[in-house]
Structure formats: structure tokens, C-alpha cells
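Enquirer: Provide a 3D model corresponding to the input given below.
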Amino acid sequence: MARDQIDMTPLQSRDELVAWLAAGVKPKSEFRIGTEHEKTPFTLQGHRPVAYEGARGIGALLEGMQLLLGWEPITEHGNIIGLYDVTGGGAISLEPGGQFELSGAPVETVHQTQSELMAHLAQVREVAAPLGIGFLGLGMTPSFSRAQVPMMPKGRYKIMTGYMPKVGRYGLDMMYRTCTVQTNLDFSSEADMVKKLRVSVALQPIATALFANSPFTEGKPNGFLSFRSEIWRDTDNARSGMIPWAFEDGMGFERWVDYALDVPMYFVKRGDDYIDVSGSSFRDFFAGKNPAFPGERPTLSDWANHLSTIFPEVRLKRYLEMRGADGVPWGRLPALPAFWVGLLYDDTSLDAAWDIVKHWKAHERQALRDDVPRLGFKARIKDRYLFEIAKECLALSHAGLRRRGHVDLLGHDETRHLEPLDRIIEAGHTPAEEMLEKFHGAWRGSVEPAYDEYAF
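Expert: Residues are numbered from 1 along each chain as shown. Sure, this is the predicted structure:
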């Protein structure tokens, strides 16, 4: 999550909400790639969660990062809760349980994504190692109980923590125990946005299987390959899922606005304070009927903040966010942007991907989404295994990246970043299955070795 937006212009009409999204349209020459990844901090001694407070806490880690990078701190009520690069680079923020997120700068190539990542990890290591903090690259904490994980001092998380149990079984697990990697990509027109949104929503289960990496809860196998993905099936269904209406005629920016207007709100931010308005709709706020702000209309900041609390499998802001993948070890992180860039930023591959998914019906897409957390590549849609479709999509992504023709200093194009996925397809099983094999074999029924093998 990037920092909350600040623009206090009161909104007059629904058209302004639509225009805010439509302002994301860019010529192809200006397309960029943004990658966000989260990682779980743990104490190198004892593999426990890391508190915010104290000389070796998350607050101290952020202060150290600020000194090292010279980035601007983001504070709330005197606590440092994030950092951002004023020159338009990246930002560092905290998820509710201290998961450390890098929101990367918008870059032109996957090579640049990888360079940025390597620099970030070197910087984090420099500050974290003396504090006795390590970071884990899994989709879910393999041994922490929910009660063990401390809450970071952010007002929005307090409100969400109170609201989540009312609307789903797993919301608190999502907040405190999961990590993801996301890719943010651009569109050149409303029609281009719709096509990319549909293709990527339909194919999100493929990213889930390729990156499935959360088979343990509290030290034991949980019966899933991506428990993180399962968690999202029962977090808050009013704001998540496979958005079947996006495949209907008339889809566009306006339709997204109408959806978002009815998604229940969490909070309104005024200064450093978060006012709890959980459960009320933005539509009522827009009509001046929010009980906490009678007669007051929302601002553009309120709208931008509200859009950041909607969690479907692909999210529209002024770009599209791919949300289906588990957090993974650092060597595999650039593979996610590479996969989606190859599919969506090359028109030939995008057309071919649309041909794969265009005959799928809403209930079939939903069934695939429901099955993939448990079955991975063995999930099916119509008469095909997900494994075959993943293989086909990976080939399309390779072709798209080759045609982009961005070579690094050694003369390699962006397809080199797909190598971890090529290996997964060659092996024929998900990363989670490989980890479960270790658990039942070399790890002798313990998840503790993960803190070495999957650490950043």
C-alpha cells in the first residue's frame, strides 16, 4: 500500500470520479512497470515476529533506512511508518503485522525492476542485520500464530482489525500473516484497460499456481498450496474476488466507479486521524449522508484512499494491479512482472491470451479460482488442466518479452527473468509442493529450515 493520498478538493459529480481513473490512460511509449513486494520480518534468533517498538524493532529499522537512503519519512502521531523517495523513486511502507513492503518506482524494463530490487535488498540487509532482523519470502508466515503478531501503529489498521471479523473468516490472517508480490501496469485507452483487465482477471489463477508458496500454518501443512489465496476467498467478499461484471457489455471506467461507490468504506482520513466509518458506502458519503460527516462531501483524497481498500484479484486505479501471487524469495520476484509484461504489453500475446480465456464463463472462472489454492496446476477449467494453460501462457509471455527486445548489458532480453517459472513448469509442480517434499523429507517435519532457505 502506498501512502494515503492528499488532495482536499471536495467532489461535485460522479464524472470527477470517472475522470480520476481515466487520467491513467497513457501512450504506449510511456508504459511503465511497477512492482510491489512484501516480506515478513523475523528475529534471526528464535525466528519470532518483530515488534514495532524498541532498539531492535521495526521503527528502528525504518529510522536506519531513512539515514541510509535519505528518503522522506512518513509519520503518523509521531511514529515513523514509512519512507518515500522525493525524486519519484520508490516507497517503503508497513503492512499491519510489520510486513515490509517496497513499492518500486515506475520503470521501463524488467531489468530495471531487478536492479532496483537488488539495491533495496542490499540496503535493507545493511540496516536489518545489525538489528538481528531477517526477512522471509513466503506467502504466509509458516510458524507464527495470529496472536503472536504485533500490530503496526497505523490508524487504518486499527479500524480494519475491528471490522474484518464481521465480514469474513480470514481477514485478520490476511492482514497479519500474508505477503504478496504485485505488478502494476498501464493501459493506452479505456478499451485497452478493459481487455487487459479481463485477460488478467481470468488468468490470475495461473499466477497463483506458479507462485503458490504458502503451504504451512503454525508449523504444519495446512492442506493448501497457496493458503494465502484461500484466505482471500473468505476475507471480505464485498471488496474482493473475480468481479464477473467486468466481463459484461458496457464495462469501462464508469462501471468501476459504480462498483467502488457501493463497496463499504473503512475510514476517512483527516490530518493524522482515521475516522472509523466502516460499513457505510461511498455513495452515501457522496450524497452528503455519511453519519460521521453530515452534509459534508468527500474529497479526491477520500476517493483515492477508498479505491486502495478494494481488493479484487485485479484492481483498477490509474493503472492495473495484479494481485494473485504469493510473496516469494528474492530470486523469483522479477518473474512476476516479467510474466505479466510479456502477456499484456505485447499486442500479439495479449490477443492470444484473450483467445484462451474469452469463451470461459463466469462460473467456470470462479470454480478455477476456488480450486487453485488447494489443487494448484491440477485445477481444471472446461476440459483442460491449469498446468497446460500455464505452459501456454508462459510461452506467450516469452514471445511477448522477446518482441519487446529490451536487452541488458550482457545482451540478454527480458525473458531471462522468466527462468524460475520455466523451471517450475519443467518440474511440473508448484513451489509449495517442492517445499512440502522438503518438510516431509530433509526438514524432518519442521518449518524452521524455511527461515534459512527462503530468507532474503
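Enquirer: can you pull up the most central residue in this protein?
Expert: Centroid-nearest residue in the chain: residue 182, 3.9 Å away (criterion: C-alpha atoms, centre = their mean).
Enquirer: residue 73 sits in which helix or strand?
Expert: Residue 73 is part of strand 72-76 when elements are defined by DSSP states H and E.
Enquirer: okay, now the sheet partners of that strand, with direction.
Expert: strand 79-84 (antiparallel) (DSSP bridges).
Enquirer: name the surrounding residues that touch the next helix or strand after the partner strand.
Expert: Note on strand 79-84: by DSSP H and E, the next helix or strand toward the C-terminus is strand 91-94. Strand 91-94 is touched from outside by 1-3, 58, 62, 65, 71, 74, 81-85, 100-103, 152, 154, with contacts defined as C-beta atoms under 8 Å, 6 or more residues apart in numbering. For every residue, glycine as well, the C-beta is placed using N, CA and C.
Enquirer: now do 6 Å
Expert: The contact list for strand 91-94 (C-beta atoms under 6 Å, 6 or more residues apart in numbering) reads 1, 2, 81, 82, 83, 84, 101, 102, 103, 152.
Enquirer: next, the buried residues of it.
Expert: By 16 or more other C-beta atoms under 10 Å, the buried positions in strand 91-94 come out as 91, 92, 93, 94.
Enquirer: nearest to residue 308 among those?
Expert: Among these, residue 93 lies closest to residue 308 (C-beta to C-beta), at 11.2 Å.
Enquirer: okay, the closest one and residue 206: tell me how far apart.
Expert: Counting by C-beta to C-beta, to the nearest Å, the separation of residue 93 from residue 206 is 28 Å.
Enquirer: repeat for residue 363
Expert: In terms of C-beta to C-beta, residue 363 sits 18 Å off from residue 206.
Enquirer: doesn't residue 97 make contact with residue 157?
Expert: No. With contact defined as C-beta atoms under 6 Å, residue 157 does not reach residue 97; the gap is 9.0 Å.
Enquirer: who has more neighbours out of those two?
Expert: residue 97 (27 against 21; other C-beta atoms under 10 Å).
Enquirer: need the contact list for that one.
Expert: Under the criterion of C-beta under 6 Å, 6+ apart, the neighbours of residue 97 are 149, 176.
Enquirer: mind checking the SS state of it?
Expert: Of the three states, residue 97 takes coil under DSSP: H, G, I helix; E, B strand; the rest coil.
Enquirer: okay, helices next: where are they in the stretch 251-400 of the chain?
Expert: Here the stretch 251-400 of the chain has its helices, by DSSP state H, counting those that start in this stretch, at 253-262, 282-286, 300-307, 335-344, 347-357, 362-375, 386-404.
Enquirer: one step back: quick check: buried residues in the strand holding residue 73?
Expert: Those would be 74, 76, for strand 72-76 by 16+ other C-beta under 10 Å.
Enquirer: any idea how far residue 325 lies from residue 452?
Expert: Taking C-beta to C-beta, one finds residue 325 at 23 Å from residue 452.
Enquirer: neighbour count for the two, which is higher?
Expert: residue 325 (31 against 10).
Enquirer: that one pairs with what?
Expert: Per DSSP bridges, the residues bridged to residue 325 are residue 181.
Enquirer: when you give positions from now on, start the count at 513
Expert: Yes, from this point I'll number from 513; that puts the last item at residue 837.
Enquirer: residues contacting residue 793?
Expert: Per C-beta under 6 Å, 6+ apart, neighbours of residue 793: residue 774.
Enquirer: return the set of residues that bridge with it.
Expert: When assigned by DSSP bridges, residue 793 has beta-bridge partners residue 776.
Enquirer: what's the pLDDT at it?
Expert: With respect to pLDDT, residue 793 scores 95.
Enquirer: quick one, phi/psi of residue 612?
Expert: Here is the backbone geometry of residue 612 (degrees, to the nearest 10): phi -100, psi 120.
Enquirer: check whether it really touches residue 549, as I assumed.
Expert: No. In this structure, residue 612 is not within contact of residue 549 by C-beta under 6 Å, at 9.2 Å.
Enquirer: related to what we said a few turns ago, tell me which of the helices of the stretch 763-912 of the chain is the most buried.
Expert: Among those, ranked by average contacts under mean count of other C-beta atoms under 10 Å, first place goes to helix 847-856 (a mean of 28).
Enquirer: let me see the mean pLDDT of it.
Expert: Here the average pLDDT along helix 847-856 is 98.
Enquirer: check which helices and strands that helix sits against.
Expert: strand 545-555, helix 622-640, strand 692-697, helix 859-869, helix 898-916 (3 or more C-beta pairs under 6 Å, 6 or more residues apart in numbering; DSSP states H and E).
Enquirer: now do the shortest one against strand 545-555, angle only.
Expert: Using axes from the mean of the first three to the mean of the last three C-alpha atoms, to 10 degrees, the interaxial angle of strand 692-697 with respect to strand 545-555 works out to 160 degrees.
Enquirer: so what touches the helix or strand following strand 692-697?
Expert: Per DSSP H and E, the first helix or strand lying C-terminal to strand 692-697 is helix 702-722. With contacts defined as C-beta under 6 Å, 6+ apart, helix 702-722 is touched by 699, 738, 741, 758-759, 763-765, 825-826, 832, 834, 836-837, 856, 865-866, 869, 877, 880-881, 884, 888-889, 898, 902, 905, 933, 936, 942.
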